[in-house]
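Novice: Any chance you could fold what I've pasted below:
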Amino acid sequence: MLRKSWLLGSAALLLGLILGGALVLQAADQSGPESAYPAPSLPLASPAASAKLKVFAQALALIEDQYAEPKTTKDLVYGAIQGAMGTLDPHSSFMTPEEFKELQIETKGKFSGIGIEISLKDQVLTVVSPIEGTPAYQMGLQAGDQIVKINGTATKNISLTEAVKMIRGAKGSKVTLTINREGFPQPKDFVITREIIPIRSVKARIMDDGIGYIRLTNFQDSTDSDLQNYLKKMKQRLTPFKGLILDLRNDPGGLLEQAVRVSDEFLKSGLIVYTEGRSKQQTMRFYARTGLADSKATNIPMVVLINEGSASASEIVAGALKDQKRALILGTKSFGKGSVQTIIPLDDGSALRLTTALYYTPSGITINEKGIVPDVVVDEKPPAPDQSLQNIRDEAMDRHMRKEGLTDKPWNQPITTAELDKDPQLKKAVELLNHWPPKSLAQQKPVAAQ
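Specialist: Predicted coordinates:
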């Protein structure tokens, strides 16, 4: 039996078989997201626990033998485990073998679904972020939306696993989400058609004044290598390379290893993130590699963009670069996803997702339910009085379909003034880089290595 450790920021799941905020803790050999730890030997049950297990076995036998309808031992055992997990926090759950197999492929590339990440926030099923270009994004779902019904079934007391099973499905099929949103006089139904969702995690553009722009939509297997490729191209194209904007807005997260590698790309040394839990295996520290400054982008002036849709792995990157005085963080406060779930496979192919720790920024701050506070607060552009969010999303989707969106054009085609005027946060970032260094960054002190 093998044990794999994952970090799930608030156990958020990106629908459409995408594990949003899934952060994989690699084994020591760093061979990839499938690396595993040997399972620790199980502790011996105490006399009191043994007595309770005897009662459990008696109850199980009585149900199997005398219940009005026949039930298999498997159904009863799985139901009992699910009941036990239900007594814990909302981020812990039991996965059947089929669900566990799906989890193992959720960071691999293309998926069938609607393209949102969900979490339980204050015990309410909540949208963390719609993924740009997906059916959920096109239909106008947004961060903070509360899903009160799925296909007419109320979501009160629903688990994340149950919600995912109800929402995802085959390409071309439809799902109805009943959404409660601030400003809605009453909940509204959104009928969304499921599609195959390809996720390209790294996108880029440049600017005429020597500034590079890189957007990360999530953190998956190739994010670090794709990032390095764009940085290499920018170093060759931009002379001088005056600054870099790293856009993490609406980035729900991804692999922890990738969050560490992305942070490392911009740091000469120092702590990136650490986790703490009851088990020694869950207490881990991740540091930037030293002595590789020439091959990394450690000296380029840098602004990181975040908003309330930035979560989990993206918050790790923003927190590390902020605490290490490496970048200026601009935008609005991030989502705040920082609990750690460990995925523990069981003998029959099923698995437990168990909350085991929290993760912390280098300065010792947990982002769980708090988020990263930007150095410079700049709100996103509000819609015009006669323009709804749906109109804005429709226009953005039309531009995307015509390959006219900000990151739909070739990476080496400079961003125009007209494009900047549509994005006040990006425009402010450019202004800061053109007058570098800002006082707010100069007054910070980097965090010493711990």
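
Novice: count of neighbours near the residue lying closest to Leu216 once chain neighbours are set aside?
Specialist: Using Cβ to Cβ, 6 or more residues apart in numbering and skipping the chain neighbours, the partner closest in space to Leu216 is Asp251 (5.3 Å). No exception for glycine: its C-beta is placed from N, CA and C like everyone else's. Around Asp251 sit 34 other residues, with neighbours defined as other Cβ atoms under 10 Å.

Novice: cool, and Lys370?
Specialist: Residues near Lys370, counting by other Cβ under 10 Å, number 14.

Novice: again, but for Val373
Specialist: Close neighbours of Val373, defined as other Cβ under 10 Å, add up to 15.

Novice: hmm, back to that, what separates the residue nearest to Leu216 from Ser314, distance-wise?
Specialist: 4 Å (Cβ to Cβ, to the nearest Å).

Novice: Sketch out the helices for the stretch 101-250 of the chain, chain order is fine.
Specialist: Per DSSP state H, counting those that start in this stretch, the stretch 101-250 of the chain carries helices over the ranges 135-138, 160-167, 223-237.

Novice: contacting residues around the second one?
Specialist: To tie it back to what came earlier, the one meant is helix 160-167. Contacts to helix 160-167, defined as Cβ atoms under 8 Å, 6 or more residues apart in numbering, come from residues 11-13, 15, 90-91, 93-95, 99, 113-114, 118-120, 125, 147, 150-151, 153, 155, 175, 177.

Novice: From what I see, Arg237 and Met207 are in contact.
Specialist: No. Here Arg237 lies out of contact with Met207, judged by Cβ atoms under 8 Å, at a distance of 11.0 Å.

Novice: that older thread, apply the buried test to the contacts of helix 160-167 and list what passes.
Specialist: Among the contacts of helix 160-167, those classed as buried by 16 or more other Cβ atoms under 10 Å are 11-13, 15, 90-91, 93-95, 99, 113-114, 118-120, 125, 147, 150, 155, 175, 177.

Novice: Low-confidence regions, the chain specifically.
Specialist: Residue ranges of the chain with pLDDT under 70: 1-44, 104-110, 198-199, 382-405, 440-450.

Novice: overlap in contacts of Asp251 and Ser314?
Specialist: Shared contacts of Asp251 and Ser314, defined by Cβ under 8 Å, 6+ apart, comprise Leu216, Phe219.

Novice: hmm, who's touching stretch 180-190?
Specialist: 139-142, 144-146, 148-149, 176-179.

Novice: By neighbours, which of those residues wins?
Specialist: Result: Leu177 is most packed of the contacts of stretch 180-190 (other Cβ under 10 Å), 28 neighbours.

Novice: Ala49 versus that one, what's the distance?
Specialist: 42 Å.

Novice: Now intersect the buried ones among the contacts of helix 160-167 with the strands, please.
Specialist: Among the buried ones among the contacts of helix 160-167, the members falling in strands (DSSP state E) are 13, 93-95, 113, 118-120, 125, 147, 150, 175, 177.

Novice: so which two of those residues are the farthest from each other?
Specialist: Phe94 and Leu177 (24.5 Å; Cβ to Cβ).

Novice: Phi, psi for Gln186 please.
Specialist: Dihedral pair for Gln186: phi -160, psi 160, per degrees, to the nearest 10.

Novice: next one: Leu248
Specialist: According to degrees, to the nearest 10, Leu248 has phi -110, psi 20.

Novice: Could you list every helix and strand that the top helix by length along the chain packs against?
Specialist: If you go by DSSP state H, the chain has its longest helix at helix 47-66. Counting contacts by 3 or more Cβ pairs under 8 Å, 6 or more residues apart in numbering; DSSP states H and E, helix 47-66 is packed against helix 73-86.

Novice: neighbouring contacts of the helix it packs on?
Specialist: With Cβ under 8 Å, 6+ apart as the test, helix 73-86 has contacts from Phe56, Leu60, Ile63, Glu64, Ser92, Ser93, Phe94, Thr96, Ser159, Ser350, Leu352.

Novice: so how many other residues sit close to the closest residue to Gln146 other than its chain neighbours?
Specialist: Spatial nearest neighbour of Gln146, excluding adjacent residues (Cβ to Cβ, 6+ apart): Asn180 at 4.3 Å. Residues near Asn180, counting by other Cβ under 10 Å, number 15.

Novice: before we move on, what about Asp348?
Specialist: Applying other Cβ under 10 Å, we find 11 residues neighbouring Asp348.

Novice: What separation is there between it and Phe94?
Specialist: According to Cβ to Cβ, Asp348 stands 12 Å off from Phe94.

Novice: Repeat that for Gly113.
Specialist: 22 Å.

Novice: again, but for Gln258
Specialist: Distance of Gln258 to Phe94, given as Cβ to Cβ: 27 Å.

Novice: Same question for Ile245.
Specialist: For Ile245, the distance to Phe94 - Cβ to Cβ - is 42 Å.

Novice: follow-up on the earlier one: for the longest helix of the chain, which positions count as buried?
Specialist: Buried, per 16+ other Cβ under 10 Å, within helix 47-66: Leu60.

Novice: okay, the angle between that helix and helix 73-86?
Specialist: Interaxial angle of helix 47-66 relative to helix 73-86 (axes from the mean of the first three to the mean of the last three Cα atoms, to 10 degrees): 140 degrees.

Novice: Now do helix 47-66: distance to the chain's middle.
Specialist: Between the centre of helix 47-66 and the centre of its chain there are 40 Å (Cα atoms, centre = their mean, to the nearest Å).

Novice: Tell me how many other residues crowd Thr73.
Specialist: Other residues close to Thr73 by other Cβ under 10 Å number 11.

Novice: Also the one 10 residues further on?
Specialist: Residues near Gly83, counting by other Cβ under 10 Å, number 10.
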